[in-house]
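# Here is my input, please return the structure:
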Amino acid sequence: MKQIASRHRSPLSFLLVISIKRTLLFLSLVATLLIIAGWSVEYYASICKPEEFQNKDSHGIIRMFYLDGEANIPTWFQSTGLLLCALLLATVWSNSKDSRLRRHWGMLSLIFLLLSFDEAACIHEGLGNILSHRLHTSGIFTYAWVIPGGIFMLLVCICSMGFLRHLPERTRRDVVIAGAIYVTGTLGWEMAGGWYDSVYGSRNLTYMTLTVREEAFESAGIILFINSLLIYLKEHAVIHPQNNFIGVIFRKVLRCTPLRSRLISPRILLILSADKLKATSKNTMQAYLLASHT
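Okay, here's the model as predicted:
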C-alpha cells in the first residue's frame, strides 16, 4: 500500500466509516441529556428563581436550555439533526439509479434542508405571530404556524405515497414510523401546548411536561429517520466515489483551502457497518484504495 501511494501521489482518498449502532446511541444520548437538562433547569428555576422562570425573555442558563425556546442548544441540536438528514438524503439521491426514486430523494433532501434552516432561523415562529394577529387564533391554533405547517405536511405525505410504495419494506416501515413520531411531536404536542397556553398559560410545570413530550417526539423522529437512511445506504445503495454528494462538497471545500496544492481530487467513500468493519469491509477499503491510486 505504501509503495503504491509513493509512486502515485494523486488522487488521495478519504474514508468516512460510520457505525450505525454507535451513531444511533450517540444521538439518543445527546437528545436525552438535553431533555433532562432542560427539564431540570426549568424545574430549578420555578422553585428557586420564580422571577426568571416567569420571564420568557430571561437570559443565562435557563434560556440556553429552555426546551420551548429558540436559538439555544436544543434548537441547535434539532437543526443539526435535520441538516444531517438532508445530507444523507442527498447522498442517496446522488447515487440512485432509479429516476422515479431519484426525484423524490432530491425533493426530500431539499425539504429537510429548509426545515433545518427554519429551525435555526425561527421562521415558523415569526409566521405564527403574524397569523395569530391577523386571524385571532386561539385554542389548539394558538400557535398559528401549525395551520400552514399542517397543510404542508399533508401535501408532502400525499405526494410521497407512490414513492413509499417503491421502497424496500423495511425502509418504508422505518420511514413511516419516524415521520409519524416527528409529526406527532411537531404538530400534535404543539397544538396541545397551544391549547394549554391559551387556557392556563405557559409558565408552569404542566406546560413544561407538554414541552418535554414535544421535544422528545421530535428528537426521536429525527434520530429514527437518520437510522433508517443509514440502514438503507448500507443495504441497498451503492456509493460511487466519483458522484458521492458528500465527496463533491468535500472537494469544493478543499479547493478553497491552502491544502489544495497537496490534495488533488480527494474523495470520500462511505463504508457503513452495523457494528464494526468486518473482513469484507476491510477488503473493500483496500480495493478502493488500490483503484484510486491507479
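# excluding its backbone neighbours, what's nearest Glu70?
In space, not counting the residues next to it along the chain, Glu70 is nearest to Cys122; the distance is 4.4 Å by Cβ to Cβ, 6 or more residues apart in numbering. Every C-beta, even on glycine, is put in place using the N, C-alpha and C of the backbone.
# Got the phi and psi for the one you found?
For Cys122, the backbone dihedrals (degrees, to the nearest 10) come out as phi 60, psi 40.
# close enough to count as contact, it and Ala71?
Yes - Cys122 is within contact range of Ala71, at 6.5 Å (criterion: Cβ atoms under 8 Å).
# Which parts of the stretch 1-150 of the chain are strands?
With DSSP state E, counting those that start in this stretch applied, the stretch 1-150 of the chain shows strands at 13-19, listed in chain order.
# Show me the shaky parts of it.
Counting by pLDDT under 70, the stretch 1-150 of the chain has low-confidence residues at 1-17, 49-60.
# those helices in it, which residues are they?
In order along the chain, the stretch 1-150 of the chain carries the following helices (DSSP state H, counting those that start in this stretch): 2-7, 20-48, 50-53, 61-65, 73-95, 99-121, 123-135, 146-159.
# Turn the ones you listed into JSON lines, columns for distance to Thr171.
Shown next, in JSON lines, are the helices of the stretch 1-150 of the chain (distance: least, Cβ to Cβ, whole Å):
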{"stretch": "helix 2-7", "distance to Thr171": "38"}
{"stretch": "helix 20-48", "distance to Thr171": "13"}
{"stretch": "helix 50-53", "distance to Thr171": "44"}
{"stretch": "helix 61-65", "distance to Thr171": "35"}
{"stretch": "helix 73-95", "distance to Thr171": "10"}
{"stretch": "helix 99-121", "distance to Thr171": "11"}
{"stretch": "helix 123-135", "distance to Thr171": "28"}
{"stretch": "helix 146-159", "distance to Thr171": "16"}
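# Pick the most deeply packed of these.
Highest mean neighbour count among these (mean count of other Cβ atoms under 10 Å): helix 73-95, with a mean of 20.
# For that one, name the packing helices and strands.
For helix 73-95, the elements it packs on are helix 20-48, helix 61-65, helix 99-121, helix 205-235, helix 245-255, judged by 3 or more Cβ pairs under 8 Å, 6 or more residues apart in numbering; DSSP states H and E.
# Just put these in CSV and tack on distance to Gly162.
As requested, those are exported to CSV (distance: least, Cβ to Cβ, whole Å):
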stretch, distance to Gly162
helix 20-48, 28
helix 61-65, 42
helix 99-121, 8
helix 205-235, 18
helix 245-255, 24
